[in-house]
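1. this is the structure alone, sequence omitted:
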């Protein structure tokens, strides 16, 4: 099943002289793994935002948009005045057991009642990852979402993603600048230049 | 504790100075603290004062405040969403914010019936820009990254409103409400005083006309207490809402 399809899509932000990208045709299927690569400023994040439905192409067209999206942004984007569990319940109000199980898997259950504003960057990134997985996404979008984690924490996050993927079978789109830390090393690569 | 003691000492000093000055003056010019306390006691135990003076004034102030919010909030939202509307409304807003309250009250008395409607409209017109600006500023304070996150996860609109929009709006709206509530009482009194509409303002005018200065002072104490109570309640609400 096709989750996302763009036909010759281009994106040009107002006030910028050059388009971010032009004539990108991309199809993402159910369960597929994809890696967006390219130098800084070539539009990887913008393409991911297009997939998430946060941007509309200025040229070309989007034929299909994914329905259930889990996304972990480069910034955790947690609600700072809410605790960890409240942040997770914000996107999936009935998934408290699932949320707690994932917090335990990442050795963070003790932090469930801590204010999100008090978390370290690495902790906040892992909570944001759990939030993205909690909605049982059809497609998981990770924009440098695990960049601040040390190796043990990154391995635990990777294992959690893979175990959830075995259950839910979601497609995975990843942006990572570290070739040693790829969730799916043999994923299809889309290079933007 | 230290602050409270200092406050009480300041208050005691003020009352002592007042008592000394009152001994050198006529009661009609400056009544003493005891005479004012007696007048205050009579005032607050008089049912007619509550039903015929205090409640009508509070009702008008609340109605004016409510009307100002009902008109100002949608205009603030529209101005935030479409900046051209904000620019369109700017001249009226500048006039309303610059015009002295007594002038506006006199104009409203000339144009309307001089009763309830005049008072409510005067309060509403003067406070409308406060709410318009507060809502527009509050909406501008909504974190766009959090709003995007909620959009991606398709969070229900009511939950977005509760968790993202209202806390941001409250940062501007809360302080505005505190100022507006106290000003609603002040403008109500002023308009009643000028128009003669039955209420606290006209009671002040009567006390002044008949040289019942002890009653005039007692009314001033009631007015100060009302404004103080409104500000204290809203300050507490603000503190509770800003707590994580």
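-> On my side now, so go ahead. Please read all numbers here as calculations on a predicted model, not as lab measurements.
2. and the helix or strand that contains residue B:225, which residues are buried?
-> Counting by DSSP states H and E, the secondary-structure element that holds residue B:225 is helix B:213-242. Neighbour counts over helix B:213-242 (16 or more other CB atoms under 10 Å in any protein chain shown) mark B:213-219, B:222-223, B:226-227, B:230, B:234, B:238 as buried. Heads up, the C-betas are built off the backbone N, CA and C, glycines and all.
3. other SSEs contacting that helix?
-> Packed against helix B:213-242 by the contact rule (3 or more CB pairs under 8 Å, 6 or more residues apart in numbering or on different chains; DSSP states H and E) you find helix B:33-44, helix B:166-195, helix B:200-209.
4. mind checking the pLDDT average for the next helix or strand after the first one?
-> When you say that, I think you mean helix B:33-44. Using DSSP H and E, the helix or strand that follows helix B:33-44 towards the C-terminus is helix B:47-48. Helix B:47-48 shows a mean pLDDT of 92.
5. about what we covered before: now, among the buried residues of helix B:213-242, which is nearest to chain A?
-> Nearest to chain A among the buried residues of helix B:213-242: residue B:238, at 14.5 Å, using CB to the nearest CB.
6. what's the domain layout of chain B?
-> B:1-30, B:31-242 (automatic domain parsing).
7. and among these, the most buried is which?
-> Of these, the one with the most neighbours on average (mean count of other CB atoms under 10 Å in any protein chain shown) is domain B:31-242, at a mean of 18.
8. have a look at chain A and report its longest helix.
-> Scanning chain A for the helix with the most residues, using DSSP state H, yields helix A:151-168.
9. which helices and strands sit right next to that one?
-> Secondary-structure packing of helix A:151-168 (3+ CB pairs under 8 Å, 6+ apart): helix A:96-105, helix A:121-134.
10. as TSV, those with mean pLDDT, distance to residue A:80 and mean neighbour count would be great.
-> Converted to TSV, these look like this (pLDDT from 0 to 100; distance: least, CB to CB, whole Å; neighbours: other CB atoms under 10 Å in any protein chain shown):
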stretch	mean pLDDT	distance to residue A:80	mean neighbour count
helix A:96-105	97	18	16
helix A:121-134	97	9	24
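11. now do stretch B:198-217: distance from first to last residue.
-> In stretch B:198-217, first residue to last residue: 18 Å (CA to CA, to the nearest Å).
12. which residues are in contact with it?
-> B:27-31, B:35-36, B:38-39, B:43, B:49, B:52-54, B:56-57, B:60, B:119, B:188-196, B:219-220, B:222-223 (CB atoms under 8 Å, 6 or more residues apart in numbering or on different chains).
13. show me the shaky parts of chain B.
-> B:242-244 (pLDDT under 70).
14. now with 80, please.
-> Residue ranges of chain B with pLDDT under 80: B:113-114, B:240-244.
15. what does it put close to chain A?
-> Contacts of chain B with chain A, taken as CB under 8 Å from any CB of the partner chain, map to B:145-146, B:148-155, B:159, B:163-164, B:167, B:244.
16. can you pick out the most distant pair from these?
-> B:154 and B:244 (26.3 Å; CB to CB).
17. next, the angle from the helix holding residue B:225 to helix B:166-195.
-> Helix B:213-242 runs at 170 degrees relative to helix B:166-195, counting by axes from the mean of the first three to the mean of the last three CA atoms, to 10 degrees.
18. from the chain's centre, how far out does the helix or strand residue B:122 falls within sit?
-> Using DSSP H and E, residue B:122 sits within helix B:116-140. Taking CA atoms, centre = their mean, to the nearest Å, one finds the center of helix B:116-140 at 11 Å from the center of the full chain.
19. show me which residues of chain A sit near chain B.
-> Counting by CB under 8 Å from any CB, the residues of chain A near chain B are A:52-54, A:69-71, A:73, A:75, A:77, A:79-82, A:90-91, A:93, A:115, A:117, A:131, A:135.
20. filter those down to the buried ones, ChimeraX style.
-> Buried residues within those, by 16+ other CB under 10 Å, are selected in ChimeraX with:
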select /A:52,53,54,69,70,71,73,77,79,80,82,90,91,115,131,135
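21. keep only those of the residues of chain A next to chain B that are in helices.
-> Using DSSP H, those in helices are A:52, A:90-91, A:131.
22. quickly list the domain ranges of chain A.
-> A:2-66+A:187-191, A:71-175.
23. who's in contact with the nearest residue to residue A:176 once chain neighbours are set aside?
-> Residue nearest to residue A:176 in three dimensions, not counting chain neighbours: residue A:182, with 5.9 Å by CB to CB, 6 or more residues apart in numbering or on different chains. Going by CB under 8 Å, 6+ apart, residue A:182 touches A:35, A:174, A:176.
24. quick one: residue A:27 is in a helix?
-> No. Counting by DSSP: H, G, I helix; E, B strand; the rest coil, residue A:27 is not part of a helix but strand.
25. just the pLDDT for it.
-> Confidence score, pLDDT, at residue A:27: 97.
26. residues near the residue nearest to it when sequence neighbours are not counted, how many?
-> The shortest distance from residue A:27 to any non-neighbouring residue, by CB to CB, 6+ apart, is to residue A:5 (4.8 Å). Neighbour count for residue A:5, taken as other CB atoms under 10 Å in any protein chain shown: 16.
27. okay, and the beta partners of residue A:5?
-> Residue A:5 has these beta-bridge partners by DSSP bridges: residue A:27, residue A:64.
28. distance check, it against residue B:153.
-> Counting by CB to CB, to the nearest Å, the gap from residue A:5 to residue B:153 is 22 Å.
29. do the same with residue B:38
-> 65 Å.
30. can you check residue B:30 too?
-> On the measure of CB to CB, residue B:30 and residue B:153 end up 67 Å apart.
31. what does residue B:173 give?
-> Distance from residue B:173 to residue B:153, counting by CB to CB: 26 Å.
32. just residue B:130 next, same as before
-> Counting by CB to CB - residue B:130 and residue B:153 are separated by 35 Å.
33. and the helix holding residue B:122, what does it pack onto?
-> So helix B:116-140, by 3+ CB pairs under 8 Å, 6+ apart, packs with helix B:55-81, helix B:83-98, helix B:101-111, helix B:166-195.
34. and the angle from that helix to helix B:101-111?
-> Helix B:116-140 runs at 130 degrees relative to helix B:101-111, counting by the same axes, to 10 degrees.
35. ok, then the element right after helix B:116-140?
-> helix B:144-152.
36. can you name every helix or strand that that next one contacts?
-> Helix B:144-152 packs on strand A:69-72, helix B:157-160, going by 3+ CB pairs under 8 Å, 6+ apart.
37. now do it against helix B:166-195, angle only.
-> Using the same axes, to 10 degrees: helix B:144-152 against helix B:166-195 is 110 degrees.
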